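**Q** Okay, sequence plus prediction incoming.
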Amino acid sequence: KRLCCWAGLTPGNNQSAGKKKSVRITRAGVYLKPALVQAAHAAVKSKTSAYYRIKYERIAKRRGKKRAIIAIARMMLTAAYHMLQTGEVFNPCDFYQVDMPQELRNKQKEKALKQAARLLIAHGVVLPEHIAFSA
């Protein structure tokens, strides 16, 4: 939360008489924020992974394109922070819960199965013929 605030990706907080007003993001992070926004644009346009593109489309539909890009940049910064803190690799746990076309979901699962089969073959496991994929 503080890293996102330091990077300038959190919304300002304007309240008056108990009413919260939607305001622009803070002015901090003059060097980091543009780089994160550029990375978010690249992640949204990526053809290899649809994770951020699908999230972007869902947010942009209800909040607008610019707010969606800032939200994606914040997600990426948060993910990078947690990866550096814990030493884990990027593994979005909600990837298959995101609304995605069935054909893309089947393609992702088939790719994961092929990679798992290649890994097993590399470790010397003999697979049955009906499971074996081209290595």
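**A** Looks like it arrived, so ask away. Residues are numbered from 1 along each chain as shown.
**Q** Can you tell me how far the residue most central in space within the chain is from Lys114?
**A** Ranked by distance to the mean C-alpha position of the chain (C-alpha atoms, centre = their mean), the top residue is Tyr52 at 4.1 Å. Computed as C-beta to C-beta, to the nearest Å, the Tyr52 to Lys114 distance reads 23 Å. In short, each C-beta sits where N, CA and C put it, glycine included.
**Q** Arg118: helix or strand, and which one exactly?
**A** Arg118 is located in helix 102-122, with elements delineated by DSSP states H and E.
**Q** what is the mean pLDDT for that helix?
**A** Throughout helix 102-122, pLDDT has a mean value of 85.
**Q** Stretch 7-25 now?
**A** Stretch 7-25 comes out at a mean pLDDT of 75.
**Q** who's in contact with it?
**A** 1, 4, 26-30, 32-33, 36, 70, 73-74, 77 (C-beta atoms under 8 Å, 6 or more residues apart in numbering).
**Q** among those, who's most crowded?
**A** Ala73 (27 neighbours; other C-beta atoms under 10 Å).
**Q** Now for the nearest residue to Leu32 once chain neighbours are set aside, how many residues are close by?
**A** Excluding its sequence neighbours, the residue lying closest to Leu32 (C-beta to C-beta, 6 or more residues apart in numbering) is Ala7, at 4.7 Å. Neighbourhood size, Ala7 [other C-beta under 10 Å]: 22.
**Q** Tell me how far Ala7 lies from Ala122.
**A** For Ala7 relative to Ala122 (C-beta to C-beta), the value is 40 Å.
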